[in-house]
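*Asks:* 3D, please:
(one chain, ligands or ions: 1)
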Amino acid sequence: MKSSIMQGARIISIGSAVPDLCINNTEISQIVETSDEWIVNRTGIKERRILNGINQSVVDLAYSASMEALNKAKMHPLEIDLIILATSSPNDLFGSASQIQAKIGAYKAVAFDITAACSGFVLAIVTASQFIQNGSYKNILIIGADVLSKWIDWSDRKTCILFGDGAGAAIMQACHKKDNAILGFQLNTDGTKSNQLSITYKENTDSHNTLKLFQGKFQYLSMNGQEVYKFAVSKVPASIKKCLNAIQLSAKDVNWLLLHQANQRILNAVAQRLSIDNCKIISNLSKYGNTSAASIPLALDEALKSNKIIKEDIIVISGFGAGLTWGTVVIKWKC
Ligand code: UT7
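*Replies:* Residues are numbered from 1 along each chain as shown. Reported below is the predicted structural model:
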């Protein structure tokens, strides 16, 4: 990290939340032509959690995850300076971070959303670390939360088997420069391929008013799975290599590889291309599927709760997905 930083940044606590409703592959095979065998072999997913119940939203999951992170840090919500919510499934297109600010009572915090799909949590870590390292803020709540079950065509077997709902939150805090834990990052976007994975807005072709004004609706999530797969297994290792090189580390220094939980085959292929042993891969997608922006903090929280990660471990975190966006942040665990 450049020596120009005013103060260090580190993650001091993590929380997560998933809905109670659990749907396994056999249950999904009752609504589309698929099987537990196909889904497990091609993705590693066995079950996923889905939000059900009227008036439940991404904000409820984000609230639970945030309260857990705040409680673990023994921090009062009024101590939070900034809230960043990474989500692509808000319940208000103007942003949902402000609703979380009100719900947790963090009335002194500025709050805004980041829309960067499955790379959202990586971008939230990097954005928060910039605000901390340049001396602007001390305590930042970052959240990755998505409820893509609301945006999926449940008759499309190519996508409906993949996604689940969830939220993860982290408190990032300023610290002495020498304790800085956000060692480096590397971010990318390729908008020319945005149509490979999207939830597009489509206008109605006819307008019934004299001013000829058109309006439309958002469509269901659509994905070219094979293209996104190829993109992930080629671009993600390159991003990780660049990021490690820039901070004079190598793949040998990595204790944990924490990738966006999209597909176990992608996790294994990325590790193989980096010559990182499979036992260093953090994976929990068999239980939750692809939870988009929530997948990284959800897996990080679980790895911490099971005491896998210990102080001073180097964790390589990479997100990838719609945009197309992808990126890496390398952290040293300090708690
Ligand atoms: O979070 C953002 C990032 N997203 C990703 O990283 C997703 C990346 N893509 C993938 O993970 C994989 O491409 C998928 C899991 C989505 C699909 O796996 P695949 O091995 O690429 O399958 P495919 O699309 O090539 O389909 C193979 C066959 C096809 O049949 P034919 O044409 O060979 O007869 C599909 O119609 O499998 C069929 N198929 C299914 N069969 C049973 C597709 N979906 C299913 C299904 N159940 N759910």
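
*Asks:* now whichever residue of the stretch 101-250 of the chain sits closest to the ligand, nearest residue through space, not along the chain?
*Replies:* Here the residue of the stretch 101-250 of the chain nearest the ligand is Gly225; by C-beta to the nearest ligand atom that distance is 2.9 Å. (Each C-beta comes from the backbone N, C-alpha and C, glycine too.) Sequence neighbours aside, Lys158 is the residue nearest to Gly225 in space, at 5.9 Å (criterion: C-beta to C-beta, 6 or more residues apart in numbering).

*Asks:* correct me if wrong, but the one you found is in a helix.
*Replies:* Yes. Under DSSP: H, G, I helix; E, B strand; the rest coil, Lys158 falls within a helix.

*Asks:* surely it is in contact with Met223?
*Replies:* Yes. Under the criterion of C-beta atoms under 8 Å, Lys158 makes contact with Met223 at 7.1 Å.

*Asks:* looking at those two, which is more packed in?
*Replies:* Set Lys158 next to Met223 and count neighbours by other C-beta atoms under 10 Å: Met223 wins out with 19 against 14.

*Asks:* which ones are touching that one?
*Replies:* The contact partners of Met223, by C-beta atoms under 8 Å, 6 or more residues apart in numbering, come to Lys158, Thr159, Gln196, Leu197.

*Asks:* check contacts around the last one.
*Replies:* The reference is to Leu197. Leu197 touches Ala117, Leu221, Ser222, Met223, Asn224, Val228, Gly321, Ala322, Gly323, Leu324, counting by C-beta under 8 Å, 6+ apart.

*Asks:* what residues does the stretch 201-335 of the chain have near the ligand?
*Replies:* For the stretch 201-335 of the chain, the residues found near the ligand under the criterion C-beta under 6 Å from any ligand atom are Gly225, Gln226, Val228, Tyr229, Ala232, Ala262, Asn263, Ile266, Asn290, Gly321.

*Asks:* now for the last one, how many residues are close by?
*Replies:* For Gly321, the number of neighbouring residues by other C-beta under 10 Å comes to 25.

*Asks:* do the fourth one as well
*Replies:* Neighbourhood size, Tyr229 [other C-beta under 10 Å]: 17.

*Asks:* any figure for the gap between the residue nearest to Gly225 and Asn224?
*Replies:* Computed as C-beta to C-beta, to the nearest Å, the Lys158 to Asn224 distance reads 9 Å.

*Asks:* any common contacting residues for these two?
*Replies:* Between them, Lys158 and Asn224 share no contacting residue under C-beta under 8 Å, 6+ apart.

*Asks:* with distance to the ligand and pLDDT added, can I get the contacts of Met223 in JSON lines?
*Replies:* Formatted as JSON lines, the contacts of Met223 follow (distance: C-beta to the nearest ligand atom, whole Å; pLDDT from 0 to 100):
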{"residue": "Lys158", "distance to the ligand": "5", "pLDDT": "97"}
{"residue": "Thr159", "distance to the ligand": "7", "pLDDT": "98"}
{"residue": "Gln196", "distance to the ligand": "9", "pLDDT": "98"}
{"residue": "Leu197", "distance to the ligand": "6", "pLDDT": "98"}
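
*Asks:* double-check Leu70 against Ile171; I have them as touching.
*Replies:* Yes. Taking C-beta under 8 Å as the definition, Leu70 is a contact partner of Ile171 at 6.8 Å.

*Asks:* joint contacts of the two?
*Replies:* Common contact partners of Leu70 and Ile171 (C-beta under 8 Å, 6+ apart): Ser13, Ile80, Leu141.

*Asks:* ok, and the most crowded of the residues you listed?
*Replies:* Most surrounded of the shared contacts of Leu70 and Ile171: other C-beta under 10 Å gives Leu141, at 34 neighbours.

*Asks:* for that one, pull up the helix or strand it's in.
*Replies:* strand 139-146 (DSSP states H and E).

*Asks:* for that strand, name the packing helices and strands.
*Replies:* Where contact means 3 or more C-beta pairs under 8 Å, 6 or more residues apart in numbering; DSSP states H and E, strand 139-146 is packed against helix 58-72, strand 82-86, helix 120-133, strand 166-175, helix 295-305.

*Asks:* pLDDT of the second one, averaged?
*Replies:* Mean pLDDT, taken over the full extent of strand 82-86, equals 98.

*Asks:* for Thr200, which non-adjacent residue is spatially closest?
*Replies:* Using C-beta to C-beta, 6+ apart, the closest residue to Thr200 is Gln219 (5.2 Å).
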